[in-house]
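Undergrad: What would the 3D arrangement of this be:
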Amino acid sequence: MQPHPNNDLRKFPSARGKAIVGTTIIHLILLLLLVIVGFSVLSPPEMEEGILVNFGTDESGMGFIEPSPPPPVIEEKSSPPLPVNAAEKQVKDPLLTQDFEEAPEVKKADPEAEKKKLEKIEADKKIKEQLEAERIIKEQEEIERKRVEAEMKRQADIMNRTKNALANSKNAGTTTVSEGVKGGAGNQGVTSGSLDSKVRGEGTGLGDKGISYNLQGRGFQSLPTPKYDYQGEGRVVVEVSVDRLGKVTQAVPGTKGSTTLVEYLLKVAKEAAMEARFEPKPDAPVIQKGTITYNFKLK
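TA: Got it, this is the predicted structure:
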């Protein structure tokens, strides 16, 4: 019987065993090196040799006991002298210290300033309201003025047409070409007079007979004769205020130019003047002043 050919190979170690053995050997070597190097003690350095020299301040001296060093000198900083007043004040005034932070001052509202501000706002408001009221009043006055002018123009047109119609009616069917008391041909009177008036006016209106007036050339519609029963004579000048429609709104008898101040004559002259009517004039002043003169004669 022949032996098995692989029995000799089993006697050799395997590759795995070789690796384990090699690794173990290497670790042991490293551990040994670490022990030798890490735990070795370094020798202390050698002290340098020299000569000790005693501490001193001078080159000469005598004795066997070392003196103690002098105490250190502290320099004091001298402050500049204070003035006499400042020094006294520093003594009198105690030192004040404060260990808390000062709070910022809160500005208080001034009640007087707030009151004045409110009063100014109220005053401005009243001024605006007053201006607005004045504007409305002016607008209303302008509207009223235009309405009055239109009404006056309408009445003036009616009166002119009526006047012309009356003149034509009185002259209708007649052959007369003159009227008056002076005699001769012509129509005695003034062009601005009234057909119904029997006062034909002598001179310039400032004469001494009948009734005359002065209203800056403005014509009249009627000048009633005063109703009086008095045995006396004289001239009474009445100052009259006439509106644009020709109505007498005020009469003051006995003004400049009067020759008598008899109360009875003044009264009847004022009554007659208040009943007078003048021609409307839209472009005349709102109140136009003039005079009416009454010449009283003995009856």
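Undergrad: low pLDDT regions in the stretch 101-250 of the chain?
TA: Within the stretch 101-250 of the chain, the stretches with pLDDT under 70 are 101-109, 162-209.
Undergrad: where along it do the strands fall?
TA: Applying DSSP state E, counting those that start in this stretch to the stretch 101-250 of the chain gives strands spanning 211-214, 220-222, 234-242, 248-253.
Undergrad: Turn those strands into a markdown table, columns for mean neighbour count and distance to I29.
TA: Glycine gets a C-beta too; all of them are placed from N, C-alpha and C. Output for the strands of the stretch 101-250 of the chain, formatted as a markdown table (neighbours: other C-beta atoms under 10 Å; distance: least, C-beta to C-beta, whole Å):
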| stretch | mean neighbour count | distance to I29 |
| --- | --- | --- |
| strand 211-214 | 20 | 159 |
| strand 220-222 | 17 | 159 |
| strand 234-242 | 21 | 150 |
| strand 248-253 | 16 | 150 |
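Undergrad: Kindly reformat these as a markdown table and extend each row with distance to I25.
TA: A markdown table is the format used below for those (distance: least, C-beta to C-beta, whole Å):
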| stretch | distance to I25 |
| --- | --- |
| strand 211-214 | 162 |
| strand 220-222 | 162 |
| strand 234-242 | 153 |
| strand 248-253 | 153 |
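Undergrad: any idea how the protein splits into domains?
TA: 117-168, 211-296 (automatic domain parsing).
Undergrad: looking at the strands of the stretch 101-250 of the chain, which is closest to A133?
TA: Checking these against A133 by C-beta to C-beta gives strand 248-253 as the closest, at 27.4 Å.
Undergrad: That closest one pairs with which strands, and in what direction?
TA: strand 234-242 (antiparallel) (DSSP bridges).
Undergrad: May I have the strand it pairs with as CSV, with CA atoms only?
TA: What follows is strand 234-242, C-alpha atoms only, in CSV (Å, rounded to 0.1, in the frame of the first residue of the first chain):
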residue,chain,number,x,y,z
GLY,A,234,-92.7,184.0,3.1
ARG,A,235,-90.4,181.4,1.4
VAL,A,236,-89.9,177.9,2.8
VAL,A,237,-87.1,175.8,1.4
VAL,A,238,-87.5,172.0,2.0
GLU,A,239,-84.6,169.7,1.7
VAL,A,240,-85.9,166.4,0.2
SER,A,241,-84.3,162.9,-0.2
VAL,A,242,-85.5,161.1,-3.3
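Undergrad: Show me what it is in contact with.
TA: Applying C-beta atoms under 8 Å, 6 or more residues apart in numbering, the contact partners of strand 234-242 are 208, 215, 218, 248-260, 262, 265-266, 269-270, 273, 276, 278, 284, 287-296.
Undergrad: Okay, and which of those residues map to strands?
TA: Counting by DSSP state E, the members of those that fall within strands are 248-253, 278, 288-296.
Undergrad: Do a quick rundown of the helices in the stretch 1-150 of the chain.
TA: For the stretch 1-150 of the chain, the helices defined by DSSP state H, counting those that start in this stretch occupy 15-38, 84-92, 111-171.
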